[in-house]
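>>> Below are the sequence and a predicted model for it; my questions follow.
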Amino acid sequence: MDIFLKVVLLIFSVGLIAVVLLQKGKSAGLSGAISGGAEHLFGKTKARGMELVLQRVTVGLAAGFFIMAILAAILID
């Protein structure tokens with residue numbers, strides 16, 4: 001059980017890293033933070049296509065990672 005939890009946690013962590021690196025950056029540098037950063041913050045631009053898929057996969061992998069990390073911390077002594 002100990003090895004299984006560690007392997008699953010490793011799979012979630014590598015998957016999460018890969019999906020985050022595949023996503024496109026949302027900031028436009030300092031000029032975007034001053035002039036148009038509020039549009040991204042309040043969600044006026046919607047994610048579509050592959051961006052939406054990557055966003056949902058990221059949320060799923062992050063939730064799985066947190067759950068597996070908590071389970072591993074509790075069950076592995």
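Perfect, thanks for sending it. Keep in mind the model is a prediction, meaning the values are calculated, not measured. Numbering: from 1, shown residues only.
>>> burial measure for residue 10, as a count.
Other residues near residue 10 come to 11 when the count uses other C-beta atoms under 10 Å. Backbone N, C-alpha and C define where each C-beta goes, glycine included.
>>> Provide a list of residues in contact with the one residue sitting closest to the centre of the chain.
Nearest to the mean C-alpha position of the chain, counting by C-alpha atoms, centre = their mean, stands residue 58 at 3.6 Å. Residue 58 sits next to 16, 19-20, 23 when contact means C-beta atoms under 8 Å, 6 or more residues apart in numbering.
>>> and with 10 Å instead?
Taking C-beta atoms under 10 Å, 6 or more residues apart in numbering, we find residue 58 in contact with 15-16, 19-20, 22-23.
>>> same deal with residue 71?
Going by C-beta under 10 Å, 6+ apart, residue 71 touches 5, 8-9.
>>> and it, what helix or strand is that in?
helix 50-75 (DSSP states H and E).
>>> Now do that helix, average pLDDT.
Helix 50-75 comes out with an average pLDDT of 94.
>>> what's the closest of the contacts of residue 71 to residue 72?
Distance to residue 72, by C-beta to C-beta, is smallest for residue 5 among the contacts of residue 71, at 4.6 Å.
>>> ok, residues contacting the helix or strand where the closest one lies?
Assigned by DSSP H and E, residue 5 belongs to helix 2-22. Helix 2-22 is contacted by residues 50-51, 53-69, 71-77 when judged by C-beta under 10 Å, 6+ apart.
>>> Identify the residues contacting the nearest residue to residue 1 once chain neighbours are set aside.
Nearest residue to residue 1, sequence neighbours excluded (C-beta to C-beta, 6 or more residues apart in numbering): residue 75, at 6.9 Å. Counting by C-beta under 10 Å, 6+ apart, residue 75 makes contact with 1-2, 5.
>>> Turn the residues you listed into JSON lines, including pLDDT and neighbour count.
Below are these laid out as JSON lines (pLDDT from 0 to 100; neighbours: other C-beta atoms under 10 Å):
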{"residue": "1", "pLDDT": "85", "neighbour count": "7"}
{"residue": "2", "pLDDT": "88", "neighbour count": "10"}
{"residue": "5", "pLDDT": "92", "neighbour count": "17"}
